[in-house]
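# Need a 3D model of the sequence below.
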Amino acid sequence: MPGNEERVMDSRFIRVTRASDKTWAVLRGPRSISLLRFAIKSHAVAYARAVSQAGKLTLFVDDRHGTAIRQSAASTTYPKILN
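Next comes the predicted model:
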């Protein structure tokens, strides 16, 4: 049985997934608490990246088959200089 610390670590994630109403839902933790829904996937991902970075959460984004793919830490950073 996992310890309390492991359960806390497991709950520190955010996920972008396709909802039944065809919107893109940003969900938090194992209870899938809905934070926001977006019509466009890239908007959901941008929001989820910001929340993930601010809260030091692991980010998962569903692929076209509905499989959650863990995003690397580098993919959740933003450039300091925009060209």
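# now stretch 67-83: mean pLDDT?
Averaging pLDDT along stretch 67-83 yields 71.
# and what of stretch 35-42?
95.
# ends of that stretch, how far apart?
16 Å (C-alpha to C-alpha, to the nearest Å).
# ok, residue 14 - contacts?
For residue 14, the contact set (C-beta atoms under 8 Å, 6 or more residues apart in numbering) comprises 26-29, 35, 48, 51-52, 55, 57-60. The C-beta positions use only the backbone N, C-alpha and C, and glycine is treated the same way.
# host element of it?
Secondary structure from DSSP states H and E places residue 14 in strand 13-18.
# Just the buried residues of that strand, please?
Using 16 or more other C-beta atoms under 10 Å as the test for burial, strand 13-18 gives 13, 14, 15, 16, 17.
# mind putting those in a markdown table, pLDDT included?
Listed next are the buried residues of strand 13-18 as a markdown table, based on pLDDT from 0 to 100:
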| residue | pLDDT |
| --- | --- |
| 13 | 95 |
| 14 | 95 |
| 15 | 96 |
| 16 | 97 |
| 17 | 97 |
